[in-house]
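Chemist: Here is a sequence with its predicted model. Questions after.
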Amino acid sequence: MRRGLLALTAIATALALSPATSGAGEMKDSWVTTKAKMAMVKDDRVKARRVKVETQDGIVTLRGKVATVDEKTAAEEIAREIDGATSVSNALQVVPDDLRPSVDAKDEELAKTVKARLDKEDRLKEAGIQVRADNSVVTLIGKIADPKLKTRAADLTRAVPGVKAVRNELAQKS
């Protein structure tokens, strides 16, 4: 925990020394992410190490596994209060602590299986799609050239045994 706090402090200091806004006056996504993560570290309602925070165009996405619905709600509340966050997408999964080791092992294997299935198709392999699994909910992340590939990747993922749902966050390259 102490090492994590030191790392967050170092990141916050580095970001504080760089401009926090872009030329248009909008808050930088990296700064929003850091502020959200730091706020979660300070708040006793959330175990911050369990929550991955990502920000794109001001939209904060929360991923990972938390122990209770209250912890999930608290993480979202904290993220919503961050200056520069335009909205929050809460993809946190509730997994009780006693089930966490088995769920983590299952998710790791599920993500590997999905990635292997996607990599069997050259066009999907070349896309470099990132795969996350949280309590059997698989998230596809990345940028693809052809919108048909987004649908194909989701279809292949749904066909993998053990996948409960697919969050398709693949975006088209511009």
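Modeler: Sure thing, it's come through.

Chemist: Residue 64 and residue 82, how far apart?
Modeler: Separation of residue 64 from residue 82 (Cβ to Cβ, to the nearest Å): 17 Å. To be clear about C-beta, it is placed using only N, CA and C from the backbone, and glycine gets the same treatment.

Chemist: Also residue 150?
Modeler: 29 Å.

Chemist: need the contact list for residue 91.
Modeler: When contacts are counted by Cβ atoms under 8 Å, 6 or more residues apart in numbering, residue 91 is found next to 61-63, 134, 137, 139, 167.

Chemist: Filter these down to the buried ones, ChimeraX style.
Modeler: Filtering the contacts of residue 91 down to the buried ones (16 or more other Cβ atoms under 10 Å) takes a single ChimeraX command:
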select :61,62,63,134,137,139,167
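
Chemist: Format the contacts of residue 91 as TSV; extra columns: secondary structure.
Modeler: Shown next, in TSV, are those (DSSP: H, G, I helix; E, B strand; the rest coil):
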residue	secondary structure
61	strand
62	strand
63	strand
134	strand
137	strand
139	strand
167	strand
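
Chemist: which one of the contacts of residue 91 sits closest to residue 128?
Modeler: Set against residue 128, the nearest of the contacts of residue 91 by Cβ to Cβ is residue 139 (14.8 Å).

Chemist: dump the residue contacts of residue 134.
Modeler: 63-65, 91-93, 107.

Chemist: Which of those residues fall within helices?
Modeler: residue 107 (DSSP state H).
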